[in-house]
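[1] Just a sequence and a predicted model for now, questions to come.
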Amino acid sequence: MSTYVQPDQNGHFGPYGGRFVPETLMTAVLELEKAYDEAIQDDNFQKEMEYYLTQYIGRENPLYYAENLTKYAGGAKIYLKREDLNHTGAHKINNTIGQALLTARMGKKKVVAETGAGQHGVATATVCALLNLECIIFMGKEDVARQKLNVFRMELLGAKVVSVDQGSGTLKDAVNEALRYWVANVDDTHYIMGSVLGPHPFPKIVRDFQSVIGNETKRQFSEITGGLPDAIVACIGGGSNAMGMFYPFIEDSGVSLVGVEAAGSGIDTEKHAATLTKGKKGILHGSLMYLLQDDDGQIQEAHSISAGLDYPGVGPEHSLLKDMGRVQYASVTDKEALDAFILLSRTEGIIPALESSHAVAYAVGHAKEMRPEQNLVICLSGRGDKDVETIQKLMGGHSIG
Amino acid sequence: MGKERLEQAFEKCSQKGEKAFIPYIMAGDGGLDILKQQLLFLQEAGADAVELGIPFSDPVADGPVIQEAGKRALQQGVSLRGILETLTSIRTEIKIPIILMTYLNPVFTYGAGQFAADCAAAGVDGCIIPDMPLEEEGIISGELKQSGIALVRLVTLTSPAERIKKIADGAEGFLYAVTIKGTTGARDHFEEETGRFLQQVRSVSNVPVLAGFGISTPQHVREAGKYCDGTVVGSKIIQLLSAAAFNEITDLIQAAKGKVLS
């Protein structure tokens, strides 16, 4: 495949992406673009990143050969990229540490962010505590009720959590409210976007910071086998762990890349979050991308057992990669994800996040169809401690199995 | 029609030595069948044009009042298509210009070409798209131009001087100067910074400059009028309309005409 260079200088990924924000924010996004371009050229910034990634987050994390899961699937060898072992328990912090360092570099003292389940909120509150930045997190009312423990965690870390009543009180409404806050406080506040979403340069910045996942995987896999994996599977909500994992492999045409969306109750029902499978092109939160929307262009609610995948849009770069056919996008139901959650816990002693369980569910089926000498990598984006209570409720308090 | 009708309306104001006043209402808040009545009332009360909001599920530039108004309209099943159809059927009875304020996605989904053509047929004279900065105008500017509809640009307190100049260059209809750092809605007082900002915008603009966002009292209207060519009032109009406080709306409008003392 030819050289892949995205986005263009105006932040467009083919027809997707862009900077569809109110004029009040344009100066801030242009300033961020400039600050980022300077930072990545600066050795000191790179050293600082390297320091925190190693000493604070605990990278590099293992690329673990899941022998038991491999035996269970009975096909290709399955490896797990252990993002669940990062500080705060997910890939989110790879991005928040980078953006927090950028915030300090731009001389801003305050950070605003949105959160769904609370993972990005916790990762943001954590780095704000570390770098002494004031932190305000917007979270949908429904999510505040569902994720009380994460709300407490953020508050413990010194963040202010604002419950959002507007709209349906979920992630998209939290983004709306965080954007409104940013519009009103843009002089001294940086918005730490949690996924490969939003106006340029956010999709690029988040991808770049998350690419540490794919870069490490590539090196580690080569050390083990001397080659490249045959397939890589990652879950997709907004798409940041998948983008960070896939990006370093995009030009390696022999590596098949699969993004797994949340099919909720099923893609033929009204309750799913399978944006790339069922959505149409549209513009939301600063970017042109695939969206769940009605015929009049009103945005619809997404539904998934996993709050982290519960978003009606998907990153502009994923939208392009789908159209290009470079990445395959599949979907997995709540039920399948739940089964995979239990499966990985039982076979490997690793409790995955419900988000990551979607990738596990798809990967096990996929590995079965592959040959034993082939290799498949799953991006295990986060750990499932946060989901244990949800699972327990679903099981009705009964023991499993 | 279109851009020209807007220009004529401003010309008329300036000949009379008055400031322009554009009320904002949410189309379909209360149902589309009362739209004609609302527009006729505003025209009668002295509005120079009307800004008609198109409801959207995720209005990031709007404060609580307009958010709620949009939600009510959506709950009534109001759509861009329905609004344009209603306008087409009542337009001959309304003389003043109509400007649509819409987020980009409903328009994008409708299709830029079809939207511009249907706007022209419905007698829409201008469009304001708050989530479409200068850099992204290409997605619809050609289609609007072809239909003779003004694409009204916004400038804000955070736009640097160079950028204000760039935006003013080639502005159509009027320049919408956003006078608060924040979303639409009421505020207490009119800051000094705002006056300087409006003067600065006016000094580089070839079209009238109207102040909007956070303007809610006759005093704000008069104050802003000292520095620019008129005002847009949204949230306050919506509140007054739903409270049936028609006299207060007339007072607000007439403040731009220099006829009310307080």
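    Nice, I can see it.
[2] Report the secondary structure state of the residue of the stretch 201-350 of chain A found nearest chain B.
    Proximity of the stretch 201-350 of chain A to chain B (CB to the nearest CB) peaks at A:G297, 3.2 Å away. Glycine gets a C-beta too; all of them are placed from N, C-alpha and C. Put simply, A:G297 is coil when judged by DSSP: H, G, I helix; E, B strand; the rest coil.
[3] Return the set of buried residues in stretch B:68-80.
    Neighbour-count burial for stretch B:68-80 flags B:68-74, B:76, B:78-80 (criterion: 16 or more other CB atoms under 10 Å in any protein chain shown).
[4] do that stretch and chain A meet?
    Yes. Applying CB under 8 Å from any CB of the partner chain, one finds stretch B:68-80 touching chain A at B:71, B:74, B:79-80.
[5] and of these, the nearest to chain A?
    B:S79 (4.2 Å).
[6] before we move on, the earlier item: which ones are touching the residue of the stretch 201-350 of chain A closest to chain B?
    A:282, B:56, B:80, B:105-110 (CB atoms under 8 Å, 6 or more residues apart in numbering or on different chains).
[7] mind redoing it with 6 Å?
    When contacts are counted by CB atoms under 6 Å, 6 or more residues apart in numbering or on different chains, A:G297 touches B:105-106, B:109.
[8] With adjacent residues omitted, what lies nearest to it?
    Nearest non-adjacent residue to A:G297, counting by CB to CB, 6 or more residues apart in numbering or on different chains: B:T109, 3.2 Å away.
[9] State the distance from that neighbour to B:V78.
    B:T109 sits 15 Å away from B:V78, going by CB to CB, to the nearest Å.
[10] Name the helix or strand for residue 10, please.
    You didn't pick a chain, so chain A it is. Assigned by DSSP states H and E, A:N10 falls within no helix or strand.
[11] actually it's chain B I care about, not the one you picked
    The secondary structure element spanning B:F10 is helix B:3-16 (assigned by DSSP H and E).
[12] In that helix, which residues are buried?
    For helix B:3-16, a neighbour-count test (16+ other CB under 10 Å) marks B:3, B:5-7, B:9-10, B:13 as buried.
[13] what's near enough to touch B:I25?
    Applying CB under 6 Å, 6+ apart to B:I25 gives the contacts B:Q38.
[14] how close does it sit to B:C228?
    Going from B:I25 to B:C228 by CB to CB gives 22 Å.
[15] Same question for A:G98.
    A:G98 is 42 Å from B:C228, where distance means CB to CB.
[16] same deal with B:L32?
    33 Å.
[17] Would you map the strands across the chain?
    In the absence of a named chain, chain A is used. Counting by DSSP state E, chain A has strands at residues A:12-13, A:16-20, A:63-65, A:77-82, A:110-115, A:134-140, A:160-164, A:189-191, A:231-235, A:256-264, A:280-284, A:286-291, A:327-333, A:375-380.
[18] ah, no, chain B please
    For chain B, applying DSSP E gives strands covering B:20-26, B:50-53, B:98-101, B:126-128, B:150-156, B:175-178, B:209-212, B:230-233.
[19] Go through the contacts of A:G297 and flag which are in helices.
    Using DSSP state H, the members of the contacts of A:G297 that fall in helices are B:105-106, B:109.
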